[in-house]
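Visitor: this is a predicted model, with the sequence first.
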Amino acid sequence: RISDGTFTVNSTDDAFHVSSAETADVGYMYVAGGKFTVKTDDDGLHCTSQMIIDGGTFDITASEGIEGTSVTINDGDITISASDDGINAASKSTYYNPEIIINGGKITISMGQGDTDAVDSNGSITVNGGTISINSGEDGIQADYGFTSKNSPSITIVSGTEGIKANTMTEDAWYYTDETAMTTATIEGYIDIDGCTFNITSKEDAVKAAGYIDISGGDFTIVARDGAKSMDGIQSGVSNDAETVYSTGNINISGGTFNITTNDGTSGKTSTESCKGIKAVNAINISGGEFTINSYDDAIHSNYRVAITGGTYEIASGDDGVHADYWLTLGKDGGADDDYTMNISTSYEGLEGSVIEYLSGTTTLYSTDDGVNAAGDYEENGTYQGTGLLSEQSKIRVRVVSRNANDRFDRAFWERKLQWAWEYRRTVMGHTALPGCEPDTNCCRVLFSEADGFPGLVVDRYGAVLVAQVNSYGMERLKPLLYPLLL
């Protein structure tokens, strides 16, 4: 425990080190104040269990600046120059989950090239306050489990790869579920943001999660450019290797201000990589927010479904303004012209989707090709049209369930489609209730046949009761698989 004092340390090993992986009382470091000047070839501050910093002034030059299993920073003025990680929460203790919690203070981190993340956790990262400035040769902030930001911190990142990344906790990454047990797990990293000021300049994706991204508030200035890989502003559903795709990779935005530029905008450098403003492997649901997007590629893009029910949009795109591989829904059923306003000043195609539902709101667009294109990827003359359920006794011989030739029709396929349908209802209908009322989703149509990709199956919810109606042979055959997924 350190509450005050002046410390100048030059060492080849850790400057301050406490160690024990078995208890909270040993391997614990608490700093309430003092002045620290540290130069070391290893860690500046190192403990194997929990580290809490409530104050102090730190000037640290090290391999890793601060390392512990659980690191909490409540206050202090911290400057770190590191050749490895700036602040690192590693799995060193059986008593604590790996986590970094920042509630306040001023933190400035400068990193070199290589595997040098400025803020890196084998578990979660939570930022509730403070001012953070990062200049990193690799990721700015990287969490294997999830990143959460609440209240009003300020985060500025200049990164050589991703700005903020929630990757996937792999099977050999330890995560402690209680004080004594530890298990291996595969967890799709998430990002949850409700208030914060972000200024991110990255050479690859600025904000990226393997799992879902939920944003309900905040001020985002994002520039993604000059990279050799994907340069999307906000991206979900893809792992660190850019090959593994995750079914929970939805983007849900209900508020915030977004100023996004990718690859220097519509006139950016020629690139074959993805340079989209907002991109999801699965669904994008936007119910509010202010968006200014200048993208070299599609401004808003989903490999499955986009639902826009609110917000204001100023879009300049080198490709599509808004693109959904399957369904594009604009507005609300029975809504008004001011539900959302969208101005697409430049685009190749303004709006594109296999199916486009225009329910309410106001869209103004300019395009050099189609303004609104509902042709999707349907092709004729012997090319692949889709995969469907065959019934030779029906007047409708084939009911299409997919237009993707790469789909595999296993349990994960149907589970993913069911999740998309439910997330769409949660976005359009709302999942919170007015005082004295039940949420709309407590009594609703959960699946509506072809509209949700389940041809011949209708499922209604009445509180805790689900009522199913099967009208096709294909869905009848799939009941043993589908019904358990509905529960």
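Guide: Yes, it's here.

Visitor: for the chain, just list every one of the helices.
Guide: For the chain, the helices defined by DSSP state H cover 411-429, 473-486.

Visitor: what is the least confident helix or strand in the chain?
Guide: Least confident helix or strand, the chain: strand 174-176 with a mean of 40, by mean pLDDT, DSSP states H and E.

Visitor: give the contact list for the residue nearest the centre of the chain.
Guide: Compute the mean C-alpha point of the chain, and by CA atoms, centre = their mean the closest residue is I213, 3.2 Å away. Residues in contact with I213 (CB atoms under 8 Å, 6 or more residues apart in numbering) are Y190, I191, D192, I193, V207, I234, S236, N250, I251, N252, A280. The C-beta positions use only the backbone N, C-alpha and C, and glycine is treated the same way.

Visitor: hmm, G163 and the fifth one touching each other?
Guide: Just to be clear, that refers to V207. Yes - between V207 and G163 there is a contact at 6.2 Å, judged by CB atoms under 8 Å.

Visitor: quickly list what's touching both of the two.
Guide: Counting by CB under 8 Å, 6+ apart, the residues touching both V207 and G163 are I200, I222.

Visitor: can you show me the strands along the stretch 201-350 of the chain?
Guide: Assignment of strands within the stretch 201-350 of the chain using DSSP state E, counting those that start in this stretch yields the ranges 207-209, 213-224, 234-236, 251-253, 257-262, 278-280, 283-286, 290-295, 300-302, 305-308, 311-317, 320-330, 340-346, 349-358.

Visitor: now tell me what touches the last one from outside.
Guide: Outside strand 349-358, the residues that touch it by CB under 8 Å, 6+ apart are 306, 319-331, 344, 363, 365-367, 369-378, 403.

Visitor: bridging residues for the nearest residue to T364 once chain neighbours are set aside?
Guide: Distances taken as CB to CB, 6 or more residues apart in numbering place N343 nearest to T364, at 4.9 Å, with adjacent residues excluded. Residues in a beta bridge with N343, per DSSP bridges, are E314, T364.

Visitor: quick check: N343 vs A316, distance?
Guide: 9 Å (CB to CB, to the nearest Å).

Visitor: who are the contact partners of the residue of the chain positioned farthest from its centre?
Guide: Distance from the C-alpha centroid of the chain, by CA atoms, centre = their mean, peaks at Q393 (45.4 Å). By CB under 8 Å, 6+ apart, the residues touching Q393 are Y473.

Visitor: check the gap between it and K479 for me.
Guide: 18 Å.

Visitor: surely T148 touches I193?
Guide: Yes - between T148 and I193 there is a contact under CB under 8 Å: 7.5 Å.

Visitor: looking at the two, which is more packed in?
Guide: A count of neighbours by other CB atoms under 10 Å puts I193 above the other of T148 and I193, at 23 against 18.

Visitor: can you read off the pLDDT for the more buried one?
Guide: pLDDT for I193: 96.

Visitor: need the contact list for it.
Guide: With CB under 8 Å, 6+ apart, I193 has these contacts: F147, T148, S149, I213, D214, I215, S216, G217, G218, G256.

Visitor: same thing but at 10 Å, please
Guide: 127, 147-150, 164, 207, 213-218, 220, 253, 255-256 (CB atoms under 10 Å, 6 or more residues apart in numbering).

Visitor: related to what we said a few turns ago, ok, the residue nearest to T364 touching V322?
Guide: No - if you go by CB atoms under 10 Å, N343 and V322 don't touch, sitting 12.0 Å apart.

Visitor: which neighbours do the two have in common?
Guide: With contacts defined as CB under 10 Å, 6+ apart, the residues adjacent to both N343 and V322 are Y313, I315, T363, L365.

Visitor: Y304 reaches A280, doesn't it?
Guide: Yes - in terms of CB under 10 Å, Y304 counts as a neighbour of A280; the distance is 7.7 Å.

Visitor: okay, the two: which has more neighbours?
Guide: The residue with more neighbours, out of Y304 and A280, is A280; 29 against 21, by other CB under 10 Å.
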